[in-house]
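S.K.: take this sequence and fold it.
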Amino acid sequence: MQKAELTKRIAETGAMAIVRVETIERGIEIANGCLEGGVSCLEISYTLPNAGEVIQALRETFQDRLIIGAGTVLDSETARHAILHNAQFIIAPNFSREVAVMCNRYQIPYAPGCTTLTEALQALEAGAAFIKAFPISDFYGPRLVSVFKTPIPYMPILASGGIDLKNLKDYVLRGVDCCGFGSLLTKGSREEIAANARSIRTLIDEARLEMQTTAG
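M.R.: As a prediction, the model looks like this:
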């Protein structure tokens, strides 16, 4: 049940910090700020060589209080490295069947980046937990949801790139399951990160309540 439980937690959180840090200490500072503000999901990018060590340290420090995964995972070798360092999910800017197989083998949620509907369907067929709408979220904005969800209404979508406090609510109302944030949740002091996380948490909760009210 590990994959199902982690996928559920990511969707319930609805927000994810996309973290690139050179030191474990800064990673812990960012994680504390996010957690204080109600965002309990962090992606540690493999654009830096210390990603595995940061993931391991955050998992040991925060245990089950946070969900910590790996980002920019382009191949199965990197996926296995991340999993061995206790990554709880894998995210990529591309779709790789080899990474999908690796994640399914160890029951880790996989969110590959997909640009076309064909690519997204192939990723779902390979067992992807979410489709990362990348990089089209930068170009379509909140309208990206219609690109995927009109023909496939139940496609689970993770969007990142260009999401801010002004358009976040629109993304959620249109059906995005989780939104990724870079600078809002990684720049500045712990207190500034916590304040931004609280704003993000409030907007997501308001949008979801509005959706429930409308559906009811």
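S.K.: how long is stretch 5-23 from one end to the other?
M.R.: End-to-end distance of stretch 5-23: 30 Å, with CA to CA, to the nearest Å as the criterion.
S.K.: which positions in it come out as buried?
M.R.: 6-7, 9-11, 13-21 (16 or more other CB atoms under 10 Å). The way it works is simple: take the backbone N, C-alpha and C, and place the C-beta from them, glycine included.
S.K.: cool, and stretch 109-124?
M.R.: Under 16+ other CB under 10 Å, the buried positions of stretch 109-124 are 109-115, 120-124.
S.K.: from the chain's centre, how far out does it sit?
M.R.: With CA atoms, centre = their mean, to the nearest Å as the basis, stretch 109-124 stands 14 Å off its chain's centre.
S.K.: could I get the average pLDDT for that stretch?
M.R.: For stretch 109-124, mean pLDDT rounds to 94.
S.K.: all strands of the chain, in order?
M.R.: 15-19, 41-45, 67-71, 90-91, 110-111, 113-114, 131-133, 157-160, 178-181 (DSSP state E).
S.K.: now render these as TSV, adding distance to Ala57.
M.R.: TSV is the format used below for the strands of the chain (distance: least, CB to CB, whole Å):
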stretch	distance to Ala57
strand 15-19	12
strand 41-45	10
strand 67-71	9
strand 90-91	18
strand 110-111	23
strand 113-114	26
strand 131-133	25
strand 157-160	23
strand 178-181	21
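S.K.: those: which one's closest to Glu191?
M.R.: strand 15-19 (15.4 Å; CB to CB).
S.K.: still on that earlier bit, kindly reformat the buried residues of stretch 5-23 as a markdown table and extend each row with distance to Ile152.
M.R.: Formatted as a markdown table, the buried residues of stretch 5-23 follow (distance: CB to CB, whole Å):
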| residue | distance to Ile152 |
| --- | --- |
| Leu6 | 22 |
| Thr7 | 17 |
| Arg9 | 23 |
| Ile10 | 19 |
| Ala11 | 16 |
| Thr13 | 23 |
| Gly14 | 20 |
| Ala15 | 23 |
| Met16 | 22 |
| Ala17 | 27 |
| Ile18 | 25 |
| Val19 | 30 |
| Arg20 | 31 |
| Val21 | 35 |
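S.K.: between those, which is nearest Arg97?
M.R.: Thr7 (19.3 Å).
S.K.: the closest one contacts Gly127, correct?
M.R.: No. Counting by CB atoms under 8 Å, Thr7 sits too far from Gly127 to count as a contact (11.0 Å).
S.K.: need the contact list for the residue nearest the centre of the chain.
M.R.: Closest residue to the average C-alpha location of the chain: Met16 at 4.7 Å, with CA atoms, centre = their mean. The contact partners of Met16, by CB atoms under 8 Å, 6 or more residues apart in numbering, come to 10, 39, 41-43, 158, 160, 178-181.
S.K.: most neighbours among these, which one?
M.R.: Per-residue neighbour counts (other CB atoms under 10 Å) across these peak at Glu43, which has 30 neighbours.
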